[in-house]
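Visitor: what follows is a predicted protein model with its sequence.
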Amino acid sequence: MTDKIIVKQSGAIARIIFNQPEKRNAVSLEMWEAVE
């Protein structure tokens, strides 16, 4: 994954954090493909 996507897992729960504040955390095509 990229540094624009942060994944944190705690037990059975995982959080996906979009780290692109300059774009107000909008999801780009590159980010979407990384999540898939």
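Guide: Yep, it's here.
Visitor: okay, the closest residue to residue 28 other than its chain neighbours: pLDDT?
Guide: Nearest-residue entry for residue 28: residue 20, 7.6 Å, with adjacent residues in sequence omitted and distances by Cβ to Cβ, 6 or more residues apart in numbering. Backbone N, C-alpha and C define where each C-beta goes, glycine included. In this prediction, residue 20 carries a pLDDT score of 84.
Visitor: residue contacts, residue 20?
Guide: With contacts defined as Cβ atoms under 8 Å, 6 or more residues apart in numbering, the neighbours of residue 20 are 4, 26, 28, 31.
Visitor: among these, which one lies nearest to residue 12?
Guide: Closest to residue 12 out of the contacts of residue 20 is residue 31 (24.0 Å), distances taken as Cβ to Cβ.
Visitor: which residue lies farthest from the center of the chain?
Guide: residue 11 (18.5 Å; Cα atoms, centre = their mean).
Visitor: got the contact list for that one?
Guide: Residues in contact with residue 11 (Cβ under 8 Å, 6+ apart): none are found.
Visitor: right, I'll call it a day here.
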